[in-house]
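> can't give you the sequence, but here's the structure:
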């Protein structure tokens, strides 16, 4: 197999050394410290990949990048910068960069980027290398003339994976755990991911992680997270957010690429072992429902309780005003309230009215118009010899229904109130609509 050429247009020898440590003998590295020499090598060698420094000697890096991508749209380019600044990142992606890395280079980040780009990039198809060489030379006022050469199309990139030194290969897949209930946080092999750089990158990764068993189209993500932006701006913003995601995750585990791209879709690397609290919550909830249908409510109690234990706060409660998170939040909140309703009903009937009281309060905190829960709370108060609180709960229920819905309590609630008031209510398992 012919060796693939990697062109590095950068002044620092350390950059070349870092890339050389990642690649093996199947790759030829050409180092050019100036823009004019880089232009000449592009014409001669037809490289499989270019690493281009922003601060290249006597060269405007972004203009050079744009010129390369204009003539070789499919040629992968990794842009190298000294400092990550949002404006520069956005400008680099707008000019056509496939990835942006900061100098001095980190070997793990270089390895992940090369794997991602070289294994998925399509072969470059220029209009004509001689014309491209001529245009690229215009970027350099002092560029010497070069001899003309016959047009030769670049060799296509092989589809085989990028071969890396054996010492660089990962020994085991990473374990990723994510908690959505309460504040969203992620750990990779027990190391918490702390620096997301921007809010959108965190939200985007949360969405990709929620859908880790399927692929999500690029257009879908653009519409979800940048609905009011034009297609070009949305795509650039998506690229910047994905870049921040990769950097955040590489800080926790440098040797793995977490987000992959194929057929216009993004997806989580299937080699990663994923645990999500929302998935475990749904598993317990579904099992409880199945047991309740097959064997009765009390048989399902343990699974309802496990589901409720998983719910440690509303879904991504630190992102209250995001549309995507809001819809998920309401969905899980409703399931949680139903689980609490089931548990409190079982407690109220099987001799644990004190525990049912706390659960009823939690339900009413989220939905204070639940008259059935007010009634259950009144009965539980009576059963633990707190008759005064039971009577006060009726008055509270009456006030809330009038203020929120402009209705009076139903007959069942009024009858329970009268019996508690006169001391006629019986401490029995089934009473006044409890079933």
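Okay, I see it. Since the model is a prediction, treat every value here as computed from it, not as a measurement.
> Output the lowest mean pLDDT helix or strand found in the chain.
helix 129-137 (a mean of 44; mean pLDDT, DSSP states H and E).
> State the next helix or strand along the chain beyond that helix.
strand 175-179 (DSSP states H and E).
> Can you tell me which helices and strands that next one packs against?
strand 185-188, helix 199-210, strand 273-276 (3 or more CB pairs under 8 Å, 6 or more residues apart in numbering; DSSP states H and E). (Glycine included, C-beta is placed from N, CA and C.)
> what about 7 Å?
strand 185-188, strand 273-276 (3 or more CB pairs under 7 Å, 6 or more residues apart in numbering; DSSP states H and E).
> What's the mean pLDDT across stretch 32-47?
Per-residue pLDDT over stretch 32-47 has a mean of 85.
> same check, this time on stretch 373-381
Per-residue scores along stretch 373-381 average to 96.
> swap in stretch 329-336?
Stretch 329-336 comes out at a mean pLDDT of 93.
> now swap in stretch 229-239 and tell me
91.
> if you skip the residues just before and after it, what's nearest to residue 226?
Of all residues not flanking residue 226 in the chain, residue 234 sits nearest, at 4.0 Å (CB to CB, 6 or more residues apart in numbering).
> now the helix or strand harbouring the one you found, how far from the centre of its chain.
Per DSSP H and E, residue 234 falls inside helix 231-252. Distance, stretch centre to chain centre, for helix 231-252: 11 Å (CA atoms, centre = their mean, to the nearest Å).
> So what touches that helix?
Residues outside helix 231-252 that contact it (CB atoms under 7 Å, 6 or more residues apart in numbering) are 89-90, 93-94, 99-100, 108-109, 112, 188, 191, 193, 195-198, 200-201, 204-205, 218, 221-222, 226, 229, 258-259.
> Check which helices and strands the helix or strand residue 376 falls within is in contact with.
Secondary structure from DSSP H and E places residue 376 in helix 371-383. Under the contact criterion of 3+ CB pairs under 7 Å, 6+ apart, helix 371-383 touches helix 323-349, helix 353-366, helix 387-405, helix 411-422.
> Chain neighbours aside, what residue packs nearest to the residue nearest the centre of the chain?
Centroid-nearest residue in the chain: residue 205, 1.2 Å away (criterion: CA atoms, centre = their mean). Closest residue to residue 205 apart from its sequence neighbours, by CB to CB, 6+ apart: residue 245 at 4.9 Å.
> Count the neighbours of the one you found for me.
23 (other CB atoms under 10 Å).
> and what of residue 296?
For residue 296, using other CB under 10 Å, the count is 10.
> now it: how far from residue 360?
22 Å (CB to CB, to the nearest Å).
> same thing with residue 385?
For residue 385, the distance to residue 360 - CB to CB - is 17 Å.
> Check residue 236 too.
51 Å.
> okay, the two: which has more neighbours?
Ranked by neighbour count (other CB under 10 Å), residue 236 and residue 360 place residue 360 first, with 29 against 20.
> what residues are up against that one?
344, 373, 376-377, 380.
> related to what we said a few turns ago, which of the contacts of helix 231-252 fall within strands?
99-100, 188, 191, 259 (DSSP state E).
> Can you report how many residues neighbour residue 299?
12.
> per-residue confidence for it?
Reported pLDDT for residue 299: 92.
> Which residue is the nearest non-sequential neighbour of it?
residue 291 (5.1 Å).
> pLDDT below threshold where in the stretch 151-300 of the chain?
Scanning the stretch 151-300 of the chain for pLDDT under 70 picks out 151-171.
> 90 instead?
In the predicted model of the stretch 151-300 of the chain, residues 151-174, 190-191, 194-200, 232, 246-258, 261-263, 271, 296-298 satisfy pLDDT under 90.
> Which of the three states applies to residue 52?
strand (DSSP: H, G, I helix; E, B strand; the rest coil).
> Spatially, what comes nearest to it if we skip its sequence neighbours?
residue 9 (4.8 Å).
> residues touching the one you found, list them.
32, 35, 38, 50-53, 56.
> Which strand residues bridge it?
residue 32, residue 52 (DSSP bridges).
> Next one, pLDDT for it please.
Value listed for residue 9 in the pLDDT field: 89.
> how close does residue 113 sit to residue 358?
Taken as CB to CB, the span from residue 113 to residue 358 is 52 Å.
> what does residue 340 give?
Counting by CB to CB, the gap from residue 340 to residue 358 is 10 Å.
> Comparing those two, which shows the higher neighbour count?
residue 340 (23 against 13).
> Might one say that the more buried one is in contact with residue 359?
Yes. The criterion here is CB atoms under 7 Å, and residue 340 meets it with residue 359 at 5.1 Å.
> Farthest pair within the contacts of residue 360?
The largest separation in these, counting by CB to CB, is between 373 and 380 at 10.3 Å.
> Distance check, the residue nearest to residue 94 when sequence neighbours are not counted against residue 113.
Among residues not flanking residue 94 along the chain, residue 236 sits closest, at 5.3 Å (CB to CB, 6+ apart). Relative to residue 113, residue 236 is positioned 18 Å away (CB to CB).
> just residue 297 next, same as before
Distance from residue 297 to residue 113, by CB to CB: 54 Å.
> okay, these two: which has more neighbours?
residue 113 (24 against 18).
> Now do the more buried one against residue 186, distance only.
Relative to residue 186, and taking CB to CB, residue 113 is found at 21 Å.
> thought the residue nearest to residue 299 was touching residue 301?
No. Contact criterion CB under 7 Å: residue 291 and residue 301 do not qualify, at 8.9 Å.
> So residue 5 lies in a strand, does it not?
Yes. Using three-state DSSP, the assignment for residue 5 is a strand.
> So the residue lying closest to it once chain neighbours are set aside versus residue 20, what's the distance?
Spatially, and ignoring its direct neighbours in sequence, residue 5 is nearest to residue 47 (4.2 Å; CB to CB, 6+ apart). Here the criterion is CB to CB. By it, residue 47 lies 15 Å from residue 20.
> burial measure for the residue nearest to residue 226, as a count.
Neighbours of residue 234 (other CB under 10 Å): 20.
> Check the secondary structure at residue 75 for me.
Residue 75 - assigned by three-state DSSP - is coil.
> Quick check: phi and psi on it?
phi -70, psi 120 (degrees, to the nearest 10).
> List the contacts of the nearest residue to residue 405 once chain neighbours are set aside.
Leaving aside its chain neighbours, residue 405 sits nearest to residue 369 (6.1 Å; criterion: CB to CB, 6+ apart). By CB under 7 Å, 6+ apart, the contact set of residue 369 is 400-401, 404-405.
> What are the phi and psi values at residue 369?
Dihedral angles for residue 369 - degrees, to the nearest 10 - are phi -100, psi 10.
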